[in-house]
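[1] let me see the structure of the following:
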Amino acid sequence: MRKAIVIVGGGFSGTVLAANLLRRPPANPTDIVLIERGTAIGRGPAYAARDFPYLLNVPAGRLSAASEDPLQFLRFARQSLPDADVEDFLPRTLYGDYLQDSLLQAERSAPPHVRLTREFGDVQSVVRRGGEKPLGAVIADREEIPADRIILALGNPPPALMPWAQEVRNHRAYVHDPWTIPMTLGAEHSVLIVGNGLTMVDVAIALSRDPDRTPHLATISRHGLIPEMQTTFRPLAIQGGGQALLDCATSIRQVLSASRQLAREVVHLGGDWREVVTFIRTLAPDIWRRLPELERRRFLRHLQCYWDIHRHRLPPALSRHIEHLRRSGKLQINAGRIGRVVPLRERLRVLWRRRGTEDPTELVVDAVINATGPDYSIKRSIDPLIVSLRDGGFIAPDALNLGLRTTTYGACVAADGRVSEHLYYLGPLLRAEHWEATAAAELRNHAEHLAQQLVVSFAGT
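    The predicted model follows:
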């Protein structure tokens, strides 16, 4: 009987996993079923074709979807952009083209006993089955798809509906999805962007593409920190020396102290602090696992916001554009907390407190855009599939509510603590176990390891 691997989600993670399984497949006759809820494989929200040319935040030379071929994406990009360089920040849509092409090439070169099927639909639930296939993926108004293994490659979840947004969630001036910002906003309008991370930058850049029509932009986040700028640095400049960081991973204060000392040494020798951040990223899973839960909580409470702005950086052109908007008075960055947002006819009245004060501040705007980033809490999730899996005991949140409980290769840990032999997860919710699990390089490696594990699990069956 043919084996069936069902991959739920056709964005980066699902596409790269499918390509790996096609290139190095199980020995058994196998069907790989890739299910995408949208209209295109290999894109998802991150790499979707849009009117505005959003840029990748990582240089082209470090975005290969295959670890054994580091410049694969760059070669693909040069087919349409001959002058593209390893340090260039290219359009995200182009990366979606690359993922689609990578899957197509893997499919064409796959042996005849392995087949790829693309399905489009919204998986509502996973069910246990009797017989040869232990699980089934249920798509609304469709026949259940039986599976020997199901991999949840669901991508980034949507942002949370914040308490202050409850009252205006259906108001036309509130935009919950930052990818659907109304491009009718012009210089006569004012916009509040909630959040100061990479999503805020995407929104601000898109709304200011025409200097003569740029609205007045303001942002609010708890700390008012915005991402640092990328530079041309040597990603592999630091070799060795990681044991010192691992040895002090019983205290986040000690890890911070050691990291700062390393950064000072690197800069003193003419290097770049970004080399240190990249080095720490390679150690992050081991450091995270060694830290006691109390120390992890301290990191999340006090240091995560600083890690994020140094870890998730902006292309130089975008960083300069944001700085220009600030200096011109078109963009105001604020630190504070929103207390309430209330309708004011067609506009919204925002009541908030600036960080460090108790005095209330009022802001009236034509639009409020939620750019707080993904909400990784499966406890709060309202996604039908996550709710079904959670309520059915298939998956369980970690102690810090960062994502899913999984084992080394992404096998889901059920609510009763048992490790599933048939249900796996691949994507950013792996941060609960590994912390760093959002960038292409990390997810690519997870996809390769999971593909190998799936092949091993079929051996001898």
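
[2] can you list the residues that contact the helix or strand of the chain with the lowest mean pLDDT?
    One helix or strand of the chain scores below all others by mean pLDDT, DSSP states H and E: helix 242-247, with a mean of 90. If you take C-beta atoms under 8 Å, 6 or more residues apart in numbering as the criterion, helix 242-247 is touched by Val255, Ala258, Ser259, Leu262, Phe279, Ile280, Thr282, Leu283, Asp286, Ile287, Arg290. For the C-beta atoms, the positions are set from N, CA and C on the backbone; glycine is no exception.

[3] any buried residues in that helix, and which?
    Residues of helix 242-247 classed as buried by neighbour count (16 or more other C-beta atoms under 10 Å): Gly242, Leu245.

[4] how about that helix as PDB, C-alpha atoms only?
    What follows is helix 242-247 as a C-alpha-only set of coordinates in PDB (Å, rounded to 0.1, in the frame of the first residue of the first chain):
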ATOM      1  CA  GLY A 242      30.400  29.200  21.900                       C
ATOM      2  CA  GLN A 243      31.000  27.000  24.900                       C
ATOM      3  CA  ALA A 244      31.500  30.100  27.100                       C
ATOM      4  CA  LEU A 245      28.000  31.300  26.300                       C
ATOM      5  CA  LEU A 246      26.600  27.800  26.800                       C
ATOM      6  CA  ASP A 247      28.300  27.500  30.100                       C
END
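
[5] restrict the helix or strand following that helix to CA atoms and write it as CSV.
    Following helix 242-247 in sequence order, the next helix or strand is helix 252-268 (DSSP states H and E). Backbone C-alpha positions of helix 252-268 (Å, rounded to 0.1, in the frame of the first residue of the first chain) are rendered in CSV as follows:
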residue,chain,number,x,y,z
ILE,A,252,20.0,35.2,31.4
ARG,A,253,21.9,38.0,33.1
GLN,A,254,25.2,36.1,32.6
VAL,A,255,24.3,35.3,28.9
LEU,A,256,23.7,39.0,28.4
SER,A,257,26.9,40.0,30.0
ALA,A,258,28.9,37.5,28.0
SER,A,259,27.2,38.6,24.8
ARG,A,260,28.0,42.2,25.4
GLN,A,261,31.6,41.4,26.2
LEU,A,262,31.9,39.4,22.9
ALA,A,263,30.3,42.3,21.0
ARG,A,264,32.8,44.8,22.5
GLU,A,265,35.7,42.5,21.5
VAL,A,266,34.5,42.1,18.0
VAL,A,267,33.9,45.8,17.4
HIS,A,268,37.3,46.6,19.0
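
[6] show me the shaky parts of the protein.
    For the chain, the stretches flagged by pLDDT under 70 are 460-461.

[7] and it, what are its domains?
    Recorded structural domains for the chain (assignment: automatic domain parsing) are 3-158+376-458, 163-228+313-370, 242-311.

[8] got a markdown table for those domains, with distance to Pro235 too?
    Converted to a markdown table, the domains of the chain look like this (distance: least, C-beta to C-beta, whole Å):
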| stretch | distance to Pro235 |
| --- | --- |
| domain 3-158+376-458 | 6 |
| domain 163-228+313-370 | 12 |
| domain 242-311 | 5 |
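
[9] what strands flank the lengthiest strand in the chain, and is each parallel or antiparallel?
    As assigned by DSSP state E, the longest strand anywhere in the chain is strand 331-344. In the sheet, strand 331-344 lines up against strand 216-221 (parallel), strand 347-354 (antiparallel) (DSSP bridges).

[10] which residues of the stretch 101-250 of the chain fall in strands?
    In the stretch 101-250 of the chain, the strands defined using DSSP state E, counting those that start in this stretch lie at 114-120, 123-128, 135-139, 145-147, 149-152, 174-175, 190-194, 216-221.

[11] now do the last one: everything it contacts.
    Contacts of strand 216-221 with the rest of the structure, by C-beta under 8 Å, 6+ apart, involve 189-197, 200, 204, 207-208, 325, 330-338, 350, 352, 363, 365, 371.

[12] same thing but 7 Å
    Strand 216-221 is contacted by residues 190-196, 200, 204, 207, 325, 330-336, 338, 352, 363 when judged by C-beta atoms under 7 Å, 6 or more residues apart in numbering.

[13] re the thing from before, of all the residues in the longest strand of the chain, which ones are buried?
    Buried, per 16+ other C-beta under 10 Å, within strand 331-344: Leu331, Ile333, Asn334, Gly336, Ile338, Val341.

[14] wait, isn't the first one in contact with Val203?
    Put plainly, it is Leu331. No: the pair Leu331 / Val203 is not scored as a contact, 10.7 Å apart, by C-beta atoms under 7 Å.
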